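Undergrad: Have a look at this fold, sequence not included:
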């Protein structure tokens, strides 16, 4: 299942409007098929894995990160049906599909056809890998990551605005990889005017993975940008399951104030800046007690001399 | 030697005007004596370890973090002499004594008396453990640690100044232990007026380890405080080898600007504050390139939900 979850990451930022599912088919201890949801959502991961497995799927076990779809679509076949027809003997499913058109029916349909179904293995990890899809289904909005490149003392630039470079090349390459994993990137009007960021993915072979660009502003958006007027309007962004917020301080604060940040991606450089620009503006905090228990570290790694710290919002705390 | 260095830590913050040395005497694979420089500098680590070893010192090996003293003092015997008389067969020394009154003469004197002497084992680690003494000898000033309790975004308080509590009980206990390892604590006039900090060690059994209090201010100091007018005046503080700077932002900036911070002790809470008070004021940085290569992480550990990050200044970078 861990391998299927890793495969699901390949579709992240590309697969909307469909979830970025991963699927692995194993027979007699050998992997006979691998798949992940392709660009634009089709083919589904299961269909791709079955294509590879061909007749070796008969009697095999499939590991899939999401319950196979059961609902009819003009865009392609139902995966539950495909799996049963191919003779899959056992389906191991991480996450039950929250989409009400499937929501357990895919699993039930497979069981009715004699397939052994186990659901729930590594469900938390799968939900994290498909976080945008899950939030779309449950809260009706994309998953939001706030990215900051910071000094030890929390500055993102000198007082004159210069921020080249706070972090080193390894951290910047990682940040570009993160861009490729998102459907859209958002910045505020101030950042657009000050930095005119291109927000593209500058990694060899991944230039075509550059996400769409969204502007948070009351004014007009340049050509090629989608504009929203408030953080809550992210719910209206079409085919955006994973949104990356890149700045600046007031935009970051607006999303935090609205409770619309699911993940913090902090690239921390081993430097001290002192007086300079803060990464996060006024989030409306009046009591320190309210600040606690909201963030849980989920990853930390060294990127050259810099350190990546990843925090996830604690829900229902 | 690692055990001797650990022992040396017990005298840190207490042993001035003498270095906080650690000593272990081993015979036939058994530890027969342990010592560290006692409060006020006497007895020396070697004398204490020899007292424990008694006649078992004959033919034994001594591991000591600093070259045994050779110079005559009205306050006690010369350790090199004590070692030779006790019949120590081999001396393993980490750091050559930079004090010009010894500076290799202790080792030479021991060799002349037939003691095998090995010098240099774990010298870097020993120098770190006795950093204050080494800086006193080489730069004529104490070793300075700057301590900050920070949010993820580098804030030390809300905009109204409230900072209870940013870090949790484990981090606070660790910070009190660090106080006990310093001869003196320094704060600025603003912090004194705003917080009236007691700066004592609130740990069971260590209350008598509370360091002396130093104020950086142009005004007068209250009773029980020593005042200095500029960071450079730390060189005049008597019997202070290890100084802990605890705040506030302008005091931290003044020490950083003067190049007088040797170690950063950052207690990082997993909270976001947004607009609030910064931990470090203007350090006179005009070019980001100048900020790089100055700090090297030497320790990181989890303290409850908080994280301790320790950085040391990179010299001659």
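TA: That came through fine. In this text the structure is predicted, and so the values were computed from the model without any measurement.
Undergrad: Next, count neighbours for the closest residue to chain B within chain A.
TA: Nearest residue of chain A to chain B: residue A:154, at 1.8 Å (CB to the nearest CB). C-beta here means a position set from N, CA and C on the backbone, and glycine is covered the same way. Residues lying near residue A:154 (other CB atoms under 10 Å in any protein chain shown) number 29.
Undergrad: How about the residues of the stretch 1-150 of chain A by chain B?
TA: By the rule CB under 8 Å from any CB of the partner chain, the part of the stretch 1-150 of chain A lying against chain B is A:148, A:150.
Undergrad: rewinding a little: list the contacts of the residue of chain A closest to chain B.
TA: By CB atoms under 8 Å, 6 or more residues apart in numbering or on different chains, the residues touching residue A:154 are A:278-280, B:150-155, B:278-279.
Undergrad: Can you list the buried residues in stretch A:10-21?
TA: Neighbour counts using 16 or more other CB atoms under 10 Å in any protein chain shown place A:10-16, A:18-21 of stretch A:10-21 among the buried residues.
Undergrad: Can you tell me which of those residues comes closest to residue B:250?
TA: Closest approach to residue B:250 among these (CB to CB): residue A:13, at 44.7 Å.
Undergrad: Parallel or antiparallel, list what pairs with whichever strand or helix holds residue A:186.
TA: According to DSSP states H and E, residue A:186 maps onto strand A:184-188. As defined by DSSP bridges, the strand partners of strand A:184-188 come to strand A:212-216 (parallel), strand A:242-247 (parallel).
Undergrad: Turn the ones you listed into JSON lines, including distance to residue B:272 and mean neighbour count.
TA: Listed next are those as JSON lines, based on distance: least, CB to CB, whole Å; neighbours: other CB atoms under 10 Å in any protein chain shown:
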{"stretch": "strand A:212-216", "distance to residue B:272": "18", "mean neighbour count": "21"}
{"stretch": "strand A:242-247", "distance to residue B:272": "13", "mean neighbour count": "26"}
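Undergrad: Same list (these) but as JSON lines, adding mean pLDDT and distance to residue B:102.
TA: Formatted as JSON lines, the strands paired with strand A:184-188 follow (pLDDT from 0 to 100; distance: least, CB to CB, whole Å):
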{"stretch": "strand A:212-216", "mean pLDDT": "94", "distance to residue B:102": "66"}
{"stretch": "strand A:242-247", "mean pLDDT": "94", "distance to residue B:102": "57"}
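Undergrad: mean confidence score for the strand holding residue A:186?
TA: Mean pLDDT, strand A:184-188: 94.
Undergrad: distance between the following helix or strand past that strand and the chain's centre?
TA: Downstream of strand A:184-188, the first helix or strand assigned by DSSP H and E is helix A:189-195. Taking the mean of its C-alpha atoms, helix A:189-195 sits 25 Å from the chain's own mean (CA atoms, centre = their mean, to the nearest Å).
Undergrad: ditto for stretch A:226-236
TA: Offset of stretch A:226-236 from its chain centre (CA atoms, centre = their mean): 18 Å.
Undergrad: How about stretch A:164-181?
TA: On CA atoms, centre = their mean, the centre of stretch A:164-181 falls 17 Å from that of its chain.
Undergrad: Kindly provide the distance from residue A:210 to residue A:201.
TA: Separation of residue A:210 from residue A:201 (CB to CB, to the nearest Å): 5 Å.
Undergrad: Can you pull the residues that touch both of the two?
TA: Shared contacts of residue A:210 and residue A:201 (CB under 8 Å, 6+ apart): A:179-180.
Undergrad: In terms of neighbours, single out the busier of these two.
TA: Set side by side, residue A:210 and residue A:201 show more neighbours around residue A:201, with 23 against 18, by other CB under 10 Å.
Undergrad: Do you know the pLDDT at the more buried one?
TA: On the pLDDT scale, residue A:201 gets 83.
Undergrad: show me what contacts residue A:185?
TA: By CB under 8 Å, 6+ apart, the contact set of residue A:185 is A:179, A:199, A:211-214, A:243-246.
Undergrad: Pull the number of nearby residues for the residue lying closest to residue A:248 once chain neighbours are set aside.
TA: Among residues not flanking residue A:248 along the chain, residue A:191 sits closest, at 4.4 Å (CB to CB, 6 or more residues apart in numbering or on different chains). A count of neighbours around residue A:191, defined by other CB under 10 Å, yields 22.
Undergrad: likewise the one 5 residues further on?
TA: Each residue near residue A:196 was counted by other CB under 10 Å, and the total is 8.
Undergrad: which residues of chain A fall in helices?
TA: A:2-8, A:45-53, A:79-85, A:105-112, A:123-129, A:131-138, A:169-180, A:189-195, A:249-257 (DSSP state H).
Undergrad: Can you tell me which of the ones you listed is nearest to residue B:43?
TA: Across the helices of chain A, residue B:43 has its closest neighbour in helix A:169-180 (51.1 Å, CB to CB).
Undergrad: What is the closest one packed up against?
TA: Applying 3 or more CB pairs under 8 Å, 6 or more residues apart in numbering or on different chains; DSSP states H and E, one finds that helix A:169-180 contacts strand A:143-150, strand A:263-268, strand A:295-303, strand A:306-313.
Undergrad: Appreciated, that's everything.
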